[in-house]
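**Q** no sequence for this one, just the structure:
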């Protein structure tokens, strides 16, 4: 592996990308990588390397130091390798040993020193008893004391060395007075080291160097053209997710108040002359102008009646919590049985009143004027994004201006500072400014043309937003819209990393197919394209050969894996029989029956206890087991029904008395938390001394990266694996555990069955998990909606769970993939060394075995222990799956298509974006159905076309809320599909016949016109077809435009011109001499359209473009409706110009002709 890594590091043709370096636990991935890193540096490699891991204790500093020493370069290690820890952590270590000049021993320093000394003293003297005090002291140091001391240093350095970071670094390097600062803040010289060792948490934080403004580690400054090796790659996703969730929870705001403050600040505040001059210069020749932004905000303000406060109208005595969740569509989660939101402008009460209603009540008011709250929030969201992008560009120009006036030696004025300065011009609060700035940082600035016209609308890119309606006596006349947004995702972070640097993902399980615990590598691969790599077949084969050689003692019988499924064949036993079999004593069996009853343990909990007791029995009956690791989903706690620590400790003693009364052994519990490392170290010391220990822990606590091997003195009864001996390799001096129990993995997703409401962190994580499943087509939109309601309902503390949705969730392949990953990682704890007992024991349950995913295991390089589990799992047969990936994918694309079109219509029109929008219409006209070759080449077709059997000429769909949810049917007839639909939904068809393509082409010369332009004259039988929203909103509209234009030009001698002015683009389809404008429609004769709003919209557009008259012309006539004209003669409506026979409706043409004169 090391040679392929070296080659990747040194490849001059690859400056960024991702290499997945997967190999089983025990192969030595980290050691191989350290070797490659050392060789790259020794050979003069110029790129800085960041080695990133989840656990600070796993940073391979000692291994790397050994390589330097072994190669006679020990003095260079300290100069070339830096552990980049947090500022507070570095200072805590240094302040206790380093003396600093009296000039810097200020009150801030002395207070910081005192806190650090106290913390160390409490840790050493009081241990667990002083845990809370040391935690509080640590928080004080991190949040208050260290930042205050650091600020003093920064001010001093800026005043003393105003020439910027360079002179400050020189002073710290060369002047005795300042050298101590490098000990306190080693990151001062971060650019000068060849290797940076850091945690994932640090990667998600800021780099603080004292000599310059701090900046995000996750930035171009830190990452551009670097090499980033991520150890335990898949586990990094969880750490990144937790960081993103914490950041999101720290940025809650009232969404309407945020918009209103931006709007009022923009309307009323007079910005400085300097900023105004920069703004005017910035927006020159840009389509998005300040005036356009203000007009957009004014329209939202007026049409949303935001001059009034919004207030919920809820007559319920026991009011619950109400939410709106938004990904690419809106999901309502309301209290009780209410499902709909109705907002009404009540001028009498001077309020916008919000009603939460059941379906019947809502539809009883459907003809009354109302504000569509979801549309209002969407418009505000689009406006704020455009405002942010405008401010970002403005800030770039402002920073350039300021920096042009500064001396070369002065600190640069950053875009971040310029952005904050501009936001504050609109009187935003500190919280609002931070929210706008953070979201702008997350969005990474502007959008490319590719982003605009083939945007990534996956959940990984768009994230989600949650709104809660908050009522409180402190704002009794007004409802707050608390806004919580997860703008970023781990996949998005990884893509950013891979676009900046060469990334290596090291893991034993990175490629296990689960989007719950692993990165979605299918999505990552699609995004990175040729920059995504896996280890070559040659390297994989080499790893396989090496491990087969290493594991030869297993094959030769020197080491035997003894697997026992401890509940196999025991389902028929009643509890008394099962316990009698375990204890071999009737009195003890009855004792634990009573203990279970007293706890109130359900049957499945009783079985869990029995399985663990079976494992305890084996601990005592096998004298060659000294170290037994028992893993479950939950950890023991005294008096906890699901896992009572007191009961388990008593049971271990009772079993000892029965089966091994002369043997000494104890139970140890390893829990995550502040004392974990200390407890683990103590355990390993006991094992080193020959103790016999039964260790209880959880899969999560001892997941990826945890090492449980311990030094062993007596090697006489051990077998050494077939590896070349290396005296400095610790794998020859340490031993793995002898036995492992794999309990049921019950919570691959956030547990919604816990007592009490779900935490905000838990809700965010649950929403993330189910969105990932939807993105991976493992659940349908309807199941997604139900699961989101389950999660938000548990967060509000009221809603019962949807049993059907929860069942679908448990059956998803990612759940089983996650269980498989957890088991591989758990078994990996037994494969860290080269010293083994002749017998290696594995214990598990039928459920754990059955939950393993064969597809994830087959074809992988597996340790002998995993091979034993695979064989046992294979003997159980295949697990049935009911997931229709193809159908789910089609419905996801169909539902997301509307967001795609809305995104494109909200761009700033330029020559390039107009051409790309026209290209979309050309695409659908040319390919109403498409083959695989076209699909692979065209991102729009690849993303928004769906599969259709070649012998099918149509499919049916039903849509809810303007394509916010789409239901598809490919194999039913229309009557069957109609019968299957929920109440209120009706079927529609996607087909050549529904588009009336053949009828359109009956008009003389039109078919030849289509052929000339390369447009399809029939749908054909290619295997992919337009999704419903493309068919309905793009294709049929484009048909109406091109056919209508051809007919009117031919019949009336008109010259209709495409609109090329970006300010007028897409207001109308075509323009003609005399300030005439034309809009063509391809509506069915029975299509219901609200005439008044449509007319008002057309007249409003005509005012915007300075038009004299507008013609709205439908393609097909029903032979009954007649053309009409507005009173002022500015709007002409023509219900049809073409008869079903392909002949023109002369009366309609004559009517149009009258208004052309």
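**A** The structure has been received and is ready for your questions. Note that the structure is a prediction, hence the values are computed from the model and not measured. Residues are numbered from 1 along each chain as shown.
**Q** Find the centremost residue of this structure, please.
**A** Compute the mean C-alpha point of the chain, and by Cα atoms, centre = their mean the closest residue is residue 489, 2.9 Å away.
**Q** what sits against that residue?
**A** 241, 244, 459, 460, 461, 463, 768 (Cβ atoms under 8 Å, 6 or more residues apart in numbering). Bear in mind the C-beta positions are built from the backbone N, C-alpha and C, glycine included.
**Q** so how far is residue 1066 from it?
**A** Going from residue 489 to residue 1066 by Cβ to Cβ, to the nearest Å gives 32 Å.
**Q** Could you do residue 787 as well?
**A** 37 Å.
**Q** Which of these two has more residues huddled nearby?
**A** residue 787 (26 against 14; other Cβ atoms under 10 Å).
**Q** Confirm that the more buried one sits in a helix.
**A** Yes - assessed by DSSP: H, G, I helix; E, B strand; the rest coil, residue 787 belongs to a helix.
**Q** okay but it is in contact with residue 807, surely?
**A** No - between residue 787 and residue 807 there is no contact, the gap being 11.1 Å when judged by Cβ atoms under 8 Å.
**Q** Residue ranges in this protein under the pLDDT threshold?
**A** For the chain, the stretches flagged by pLDDT under 70 are 127-130, 315-319, 409, 439-455, 703-705, 961, 1085-1091.
**Q** quick check: domain ranges of it?
**A** For the chain, the structural domains run 2-250+496-511, 561-570+598-748+818-832+849-875, 760-816, 896-932+991-1154, going by automatic domain parsing.
**Q** Show the end-to-end separation of the shortest one, please.
**A** This points to domain 760-816. End-to-end span of domain 760-816 (Cα to Cα, to the nearest Å): 26 Å.
**Q** still on that earlier bit, select, out of the domains of the chain, the one closest to residue 271.
**A** domain 896-932+991-1154 (21.8 Å; Cβ to Cβ).
**Q** Wait, a strand at residue 52?
**A** Yes - assessed by three-state DSSP, residue 52 belongs to a strand.
**Q** May I have the beta-bridge partners of it?
**A** With DSSP bridges as the criterion, residue 52 is bridged to residue 198, residue 230.
**Q** Roughly how far does it sit from residue 239?
**A** Distance from residue 52 to residue 239, by Cβ to Cβ: 10 Å.
**Q** These two: which has the busier surroundings?
**A** Neighbours were counted for residue 52 and for residue 239 using other Cβ under 10 Å; residue 52 has more, 27 against 20.
**Q** give the contact list for the more buried one.
**A** Counting by Cβ under 8 Å, 6+ apart, residue 52 has contacts 198, 199, 200, 203, 228, 229, 230, 231, 236.
**Q** Swap in 10 Å and give it another go.
**A** Residue 52 makes contact with 59, 84, 196-203, 217, 228-233, 236, 239, 497, 503-504, 506 under the criterion Cβ atoms under 10 Å, 6 or more residues apart in numbering.
**Q** what's the answer for residue 26, then?
**A** By Cβ under 10 Å, 6+ apart, the neighbours of residue 26 are 508, 547, 550-551, 721, 723, 731, 736, 828, 830-834, 863, 865.
**Q** just residue 896 next, same as before
**A** Counting by Cβ under 10 Å, 6+ apart, the residues that residue 896 touches are 327-329, 457-459, 462, 775, 781, 943-944, 963, 966, 1027, 1029.
**Q** so which strand or helix has it?
**A** Using DSSP states H and E, residue 896 sits within helix 885-905.
**Q** And residue 121, by the same measure?
**A** Residue 121 belongs to helix 107-126, assigned by DSSP H and E.
**Q** so how far is the helix or strand following that helix off the chain centroid?
**A** On the C-terminal side of helix 107-126, the closest following helix or strand by DSSP H and E is helix 131-140. Taking Cα atoms, centre = their mean, to the nearest Å, one finds the center of helix 131-140 at 32 Å from the center of the full chain.
**Q** Against which helices or strands is helix 131-140 packed?
**A** helix 87-95, helix 107-126 (3 or more Cβ pairs under 10 Å, 6 or more residues apart in numbering; DSSP states H and E).
**Q** Highest mean neighbour count across these, which stretch is it?
**A** Neighbour counts (mean count of other Cβ atoms under 10 Å) averaged over each of the helices and strands packed on helix 131-140 peak at helix 87-95, with a mean of 20.
**Q** now it and helix 107-126, what's the angle there?
**A** 80 degrees (axes from the mean of the first three to the mean of the last three Cα atoms, to 10 degrees).
**Q** Helix 87-95 packs against which elements?
**A** So helix 87-95, by 3+ Cβ pairs under 10 Å, 6+ apart, packs with helix 107-126, helix 131-140, helix 146-160, helix 180-184.
**Q** among those, which is nearest residue 758?
**A** Among those, helix 131-140 sits nearest to residue 758 (Cβ to Cβ), with 24.7 Å.
**Q** Just the buried residues of the closest one, please?
**A** 134, 137, 138, 140 (16 or more other Cβ atoms under 10 Å).
**Q** With distance to residue 751 as added columns, please give these in JSON lines.
**A** Shown next, in JSON lines, are the buried residues of helix 131-140 (distance: Cβ to Cβ, whole Å):
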{"residue": "134", "distance to residue 751": "30"}
{"residue": "137", "distance to residue 751": "33"}
{"residue": "138", "distance to residue 751": "29"}
{"residue": "140", "distance to residue 751": "34"}
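**Q** I'd guessed residue 627 sits against residue 689; true?
**A** No - counting by Cβ atoms under 10 Å, residue 627 does not reach residue 689; the two are 12.0 Å apart.
**Q** residues in contact with the nearest residue to residue 231 once chain neighbours are set aside?
**A** Distances taken as Cβ to Cβ, 6 or more residues apart in numbering put residue 53 closest to residue 231, at 4.1 Å, once the chain neighbours are dropped. Neighbouring residues of residue 53 by Cβ under 10 Å, 6+ apart: 30, 59-60, 197-200, 203, 229-233, 235-236, 239, 506, 704-705.
**Q** Same question for residue 1058.
**A** 914, 918, 1041, 1045, 1065, 1069, 1070, 1071.
**Q** beta partners of it?
**A** Applying DSSP bridges, one finds that residue 1058 bridges with residue 1070.
**Q** For residue 655, see how far away residue 662 is.
**A** 14 Å.
**Q** Tell me which of those two has more neighbours.
**A** residue 655 (24 against 5).
**Q** part of a helix, is that one?
**A** Yes - according to three-state DSSP, residue 655 belongs to a helix.
**Q** and it, how far is that from residue 1092?
**A** On the measure of Cβ to Cβ, residue 655 and residue 1092 end up 82 Å apart.
**Q** what about residue 313, neighbour count?
**A** Neighbour number of residue 313 under other Cβ under 10 Å is 16.
**Q** Surely it is in contact with residue 355?
**A** Yes - taking contacts as Cβ under 10 Å, residue 313 lies within contact range of residue 355: 5.3 Å.
**Q** what about the closest residue to residue 967 other than its chain neighbours, which SS state?
**A** Nearest non-adjacent residue to residue 967, counting by Cβ to Cβ, 6+ apart: residue 958, 4.8 Å away. Following three-state DSSP, the label given to residue 958 is strand.
**Q** Filter the contacts of residue 1058 down to the buried ones and express that as a ChimeraX selection.
**A** Those of those that count as buried under 16+ other Cβ under 10 Å are selected in ChimeraX with:
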select :914,1041,1045,1065,1069,1070,1071
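**Q** In the contacts of residue 1058, find the pair that's most separated.
**A** 914 and 1045 (17.1 Å).
**Q** Quick check: buried residues in the helix ranked longest in the chain?
**A** Scanning the chain for the helix with the most residues, using DSSP state H, yields helix 373-404. Of all the residues in helix 373-404, those buried under the rule 16+ other Cβ under 10 Å are 373-374, 376-384, 386-399, 401-402.
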